[in-house]
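**Q** my questions are about this predicted structure, shown below with the sequence.
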Amino acid sequence: MRFTKPATTFDQQIDRLIERGMEIQDRNRARHYLAHLNYYRLGAYWLPFEADHATHRFRPGTRFDDVVSLYVFDRELRLLVMDAIERLEVSIRTQWAYRLAHAHGPHAHMDARLFKQSEAYWKCRTSLEEELRRSKEVFVSHYNNTYSAPALPPLWAVVEVMSLGQLSKWVSNLRHARDRQAIARPYGLDEVILTSFLHHLTIVRNICAHHGRLWNRRFGFRFKMPRRPGPLGQSLNSSQPRRLYNTLVMLDYFMTIISPGHHWRDRLLALLENRPIAKLEAMGFPGDWRARPVWRDAFS
């Protein structure tokens, strides 16, 4: 079947929404948002308001302003999640470079024997070399102009040009569990949990970086959750393992270690408490989440 739908004007888009039962109090306001947010993007946020997806009819009382409020909530949530991911990424970079350099020398990343899968190693190595060639960082040019060998800068330098996705692959491909465990130890986690969560975070970060929807998203990859008894394990929701709630619990856990006394949790809770119309259960929040250890103090 060929695609034959024509492009529509902003006013035609408004008329279509009204025909389907959406209340639009201010056409100029709606036109403004459609001109800057894209009808197709907003569609992901009015989908939960549909009474019948086949006909795209909206439930009675569905307002355009509620859809925009839900979009704004999700945007603020993405920014908050990105803030935590940035801090964790920088911390993991530091641990990876520090632990490997002290265990295997400043250029351990050039020793293929330290990594499990040869093909994966050389893909990571090639990607790293390409990043270094493209890099305009002063430390890269300084190394190249000062030293003739080894060919690549030391661990603590090259780690600064790695993406989170690349870093996740370098960590998970380490041959020796003791090296992975050394990286995970400062966070009080088993290395299997850490490497799995890093993989998950690369997916979450990519969604955020491309301005995708976090609210009401079901992730394809399910990271391994801690099973040992304790505040972290008791705060996670094992019945909704692919929803954002568990990601938020894990990020909060890391933030308490990386940035003691941080206000990230307070900002998150303020956003959740002042949410306009976002249903927390759509993110996997259990009904008793306020009573779980991670959040309990904030509500006591």
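**A** Alright, I've got the coordinates. Numbers count the residues shown, from 1 in each chain.

**Q** quick one: the helices in the stretch 51-200 of the chain, in order.
**A** Listed in chain order, the helices of the stretch 51-200 of the chain (DSSP state H, counting those that start in this stretch) span 64-104, 118-134, 138-146, 155-158, 164-172, 177-184, 191-209.

**Q** got these as a markdown table, with mean pLDDT and distance to Ala7 columns?
**A** (Each C-beta comes from the backbone N, C-alpha and C, glycine too.) As requested, those are exported to a markdown table (pLDDT from 0 to 100; distance: least, Cβ to Cβ, whole Å):
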| stretch | mean pLDDT | distance to Ala7 |
| --- | --- | --- |
| helix 64-104 | 97 | 21 |
| helix 118-134 | 95 | 37 |
| helix 138-146 | 88 | 45 |
| helix 155-158 | 95 | 47 |
| helix 164-172 | 97 | 35 |
| helix 177-184 | 98 | 51 |
| helix 191-209 | 97 | 27 |
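
**Q** can those go into CSV with extra columns for distance to Ala270 and mean neighbour count?
**A** Below are those laid out as CSV (distance: least, Cβ to Cβ, whole Å; neighbours: other Cβ atoms under 10 Å):
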stretch, distance to Ala270, mean neighbour count
helix 64-104, 10, 19
helix 118-134, 37, 14
helix 138-146, 39, 12
helix 155-158, 37, 20
helix 164-172, 26, 21
helix 177-184, 31, 18
helix 191-209, 19, 20
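
**Q** Ile258 is nearest to which of these?
**A** Closest of the helices of the stretch 51-200 of the chain to Ile258 is helix 64-104, at 4.9 Å (criterion: Cβ to Cβ).

**Q** name the helices or strands packed onto the closest one?
**A** helix 27-37, helix 39-46, helix 155-158, helix 164-172, helix 177-184, helix 191-209, helix 244-258, helix 264-273 (3 or more Cβ pairs under 8 Å, 6 or more residues apart in numbering; DSSP states H and E).

**Q** and of those helices, who's closest to Leu128?
**A** helix 155-158 (6.1 Å).

**Q** how confident was the prediction at Gln13?
**A** If you check Gln13, the pLDDT there is 97.

**Q** my read is that it contacts Ala35, right?
**A** No: in this structure Gln13 lies outside contact range of Ala35 using Cβ atoms under 8 Å: 9.9 Å.

**Q** okay, the two: which has more neighbours?
**A** Gln13 (18 against 11; other Cβ atoms under 10 Å).

**Q** host element of that one?
**A** Using DSSP states H and E, Gln13 sits in helix 10-19.

**Q** please save the CA atoms from that helix in CSV.
**A** C-alpha atoms of helix 10-19 as CSV (Å, rounded to 0.1, in the frame of the first residue of the first chain):
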residue,chain,number,x,y,z
PHE,A,10,-1.7,23.9,11.4
ASP,A,11,-5.3,25.1,11.1
GLN,A,12,-6.3,21.8,9.4
GLN,A,13,-4.6,19.9,12.3
ILE,A,14,-6.6,21.9,14.8
ASP,A,15,-9.8,21.2,13.0
ARG,A,16,-9.0,17.5,12.9
LEU,A,17,-8.4,17.4,16.6
ILE,A,18,-11.7,19.2,17.3
GLU,A,19,-13.5,16.8,15.0
